[in-house]
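Engineer: the following comprises the amino acid sequence and a computationally predicted model.
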Amino acid sequence: MESANTYWADRALLEWQVELGADEALEEGPVDRYALNVAVEKPTAKQEVKVAPAVAPKAEVDAVAVARSAAKGAAGLEELAAAMQAYEHCELKRGAKSFVFADGQPGARLMIVGEAPGRQEDVAGKPFVGQAGQLLDKMLAAIGLDRAAQDIENAVYISNVLPWRPPANATPSPDEIAMMLPFLERHITLANPDLVVLMGNTPCQALLGRAGITRIRGQWAEAVGRPAMPMFHPAYLLRQPAAKREAWADLLAIKAKLRTAP
Ligand code: URA
């Protein structure tokens with residue numbers, strides 16, 4: 001009878017503890033489970049043991065340094081174009097249809113630097129062939145220049161900061177500008193114009209390290225060792241025709257500089 005009494009007493013004690021919130025049966029003292037000799041099941045030959053493949057940590061590539069070295073190694077414009085096409089660090093290359101290098105006459109006294117190809121340029125593989133390009137041609141014609149001209153005096157050479165169209169014509173990112181800048185600088189050196197025209201904020205940011213075209217347009221600066229004129233981009237002039245007045249003043253300043261530049 002003794003044991004039956006103990007049973008009911010123990011049970012009542014347990015129920016009372018459960019009511020108090022106890023949900024695990026613990027022993028009086030701590031248990032060192034590491035010391036327990038528990039047999040570990042070894043995988044059989046049939047059981048597949050999945051081991052994550054060893055992945056070597058990716059070496060950080062300095063995309064700008066790679067561009068610098070590739071650009072430096074180009075002895076002429078053809079080599080430069082080939083080096084740019086072989087450059088793998090600009091993601092825009094993968095989304096673009098065409099590599100857009102330049103148009104006009106290399107060696108012309110004036111070089112125009114735009115931002116990047118748009119949709120029509122991407123299709124044609126040539127810079128400034130869309131609506132903005134047609135306005136640019138008219139602006140150049142107004143000061144006696146023509147991208148189709150063969151003679152150096154009337155010729156003009158045209159390129160962009162980026163040779164690949166950004167998706168949806170997005171503004172080039174600082175990284176994209178930085179990695180393509182060594183190529184642009186080499187491009188200017190090899191084309192060797194007397195003057196450079198920077199169309200809009202992107203080429204100003206790339207070559208002068210500053211933007212704010214409304215403030216800086218019309219003021220001669222220096223890019224790759226030659227006079228550079230920041231101007232409103234023709235696409236902006238299409239949206240803001242009133243700004244053509246300032247653009248005309250800048251064109252006249254360019255024409256005058258071409259007369260006096262060596
Ligand atoms: N806008 C640019 O800046 N460049 C082009 O080639 C076309 C449009």
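Structural biologist: Structure's in. What do you need?

Engineer: kindly report the residues of the stretch 1-150 of the chain close to the ligand.
Structural biologist: 114-118, 121, 127-128, 130, 132-133 (CB under 6 Å from any ligand atom). Every C-beta, even on glycine, is put in place using the N, C-alpha and C of the backbone.

Engineer: show me the contacts for the closest residue to the ligand within the stretch 151-262 of the chain.
Structural biologist: Taking CB to the nearest ligand atom as the measure, the stretch 151-262 of the chain has N160 as its residue closest to the ligand, at 4.8 Å. Contacts for N160 (CB atoms under 8 Å, 6 or more residues apart in numbering) come out as 100, 113-117, 127, 203.

Engineer: what about the stretch 151-262 of the chain, any weak spots by pLDDT?
Structural biologist: Across the stretch 151-262 of the chain, residues meeting the criterion (pLDDT under 70) sit at 262.

Engineer: where does the stretch 1-150 of the chain dip in pLDDT?
Structural biologist: 1-8, 11-53, 57-58.

Engineer: beta partners for the closest residue to the ligand within the stretch 1-150 of the chain?
Structural biologist: Residue of the stretch 1-150 of the chain nearest the ligand, by CB to the nearest ligand atom: G114 (2.9 Å). Following DSSP bridges, G114 is listed with bridge partners N160.

Engineer: could you report the neighbour count for it?
Structural biologist: 27 (other CB atoms under 10 Å).

Engineer: next one: the closest residue to A82 other than its chain neighbours from R147, what distance?
Structural biologist: Excluding the flanking residues, the one nearest A82 by CB to CB, 6 or more residues apart in numbering is A74, at 7.7 Å. Computed as CB to CB, to the nearest Å, the A74 to R147 distance reads 23 Å.

Engineer: the stretch 51-200 of the chain: strands as residue ranges?
Structural biologist: Remark: strands assigned in the stretch 51-200 of the chain by DSSP state E, counting those that start in this stretch are 103-104, 110-114, 157-160, 195-199.
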